[in-house]
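> A structural model of the following input is requested.
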Amino acid sequence: MPHWIHIVWRSAAALAVMFLMTRLLGKKQLSQLNFFHYIVGITLGEVAGFISLEVESHFMLGVAAILVWTLIPLGMEKLSLKSKLVRDWFDGKGTVLIKDGKVLEDNLKKSMFTSDELLEELRKKNAFRVADVEFAVLETDGNVSVMMTKENQPLTPKSLGIRVPNEQEPQTVIMDGEMMDEPLATAGFSRGWLGTELEKLGVAIENVYLAQVDGYGQLTVDLYDDQIKVPEPSQREVLWATLRKCEADLELFALATDQNKPRKLYESCVKRMQGVIEEIEPYLKR
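This next block holds a predicted model:
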């Protein structure tokens, strides 16, 4: 067998083995690369390259080495799930670099982190002044997590005392011009409803590249032809305006009547309508 064919099939087999072993290690190997994962990743890559090119060596010996370098980290991961001591030993602990707005120089030196590196990491988090940072910690994967002081944190509805409902996951109901039945059913709608909504927008399904339904039943579409303008969904705005009009009409009826009993009835309806509007306002005015 020619050497190049030998190398091709060994490389393909090594790639398949590496893929299986990486799937076995899980996504943490990709997302949280600490010291231990870094060593394991480099070694697995070296072994895979070795068994691909060293045609004189036995292929299964390399596979055995990859298997060992996979099973040991996998065992350590399982053990770390049950023991904080093992977890701290392998993953390490985060190091506090800034506390109460003060830089902890000793911790910087222990982490071999310079002032320039600290400022660079803070700038990545849009913190250009150390005085604006309340707390910063060097994580085990090398990233710096930053918490700004209270006055420098962005406003949220909760900080303003505004109650808002939880956002539901949008469902993609059309992809590449094809209806997606499962997401459509998850959103609680049918193909007939989707066809009606597309007719309202004046577009055909074959012209739709992507369409999504949000938690409020509003359909947004993206067309293949970007020159065509699609109207923005306005169901919530129309419903809000209709409710306010009903409230205004009831108040007008109460003012227009001279009879005491109908006036009280209208005023009672106005209060009930105001309660309904106040209750659903967070859902409509977003």
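
> can you give me the pLDDT of the closest residue to residue 169 other than its chain neighbours?
Nearest non-adjacent residue to residue 169, counting by C-beta to C-beta, 6 or more residues apart in numbering: residue 215, 7.5 Å away. (Each C-beta comes from the backbone N, C-alpha and C, glycine too.) Looking at residue 215, its pLDDT is 77.

> before we move on, what about residue 98?
Value for residue 98, per-residue pLDDT: 92.

> ok, now the one 3 residues further on?
The predicted local distance difference test score for residue 101 is 85.

> state the distance from it to residue 268.
55 Å (C-beta to C-beta, to the nearest Å).

> returning to what we had before: so who does the residue nearest to residue 169 touch?
Neighbouring residues of residue 215 by C-beta atoms under 8 Å, 6 or more residues apart in numbering: 167-170.

> so for those residues, which is the shakiest by pLDDT?
Lowest confidence among the contacts of residue 215: residue 167, with 71.

> what's the burial count for that residue?
10 (other C-beta atoms under 10 Å).

> try residue 13
What residue 13 shows, counting by other C-beta under 10 Å, is a neighbour count of 16.

> and it, how close does it get to residue 80?
Distance from residue 13 to residue 80, by C-beta to C-beta: 31 Å.

> check residue 282 too.
According to C-beta to C-beta, residue 282 stands 42 Å off from residue 80.

> looking at those two, which has the bigger crowd around it?
Neighbours per residue, other C-beta under 10 Å: of residue 282 and residue 80, the larger number sits with residue 80, 17 against 13.

> rewinding a little: assign the residue nearest to residue 169 to one of the three secondary structure states.
Following DSSP: H, G, I helix; E, B strand; the rest coil, the label given to residue 215 is coil.

> same question, residue 194
helix.

> can you tell me how far it is from residue 213?
8 Å.

> could you tell me which residues touch both of the two?
173, 184, 219.

> and which of those residues is nearest residue 139?
residue 173 (38.7 Å; C-beta to C-beta).

> now do the helices in this protein.
In the chain, the segments counted as helices under DSSP state H are 3-25, 28-31, 35-53, 59-82, 84-91, 105-110, 115-124, 181-186, 191-201, 235-256, 260-284.

> figure out which of the ones you listed is closest to residue 229.
helix 191-201 (10.5 Å).

> and that closest one with helix 235-256, angle?
Orientation of helix 191-201 against helix 235-256 (axes from the mean of the first three to the mean of the last three C-alpha atoms, to 10 degrees) gives an angle of 80 degrees.

> done for today, thanks.
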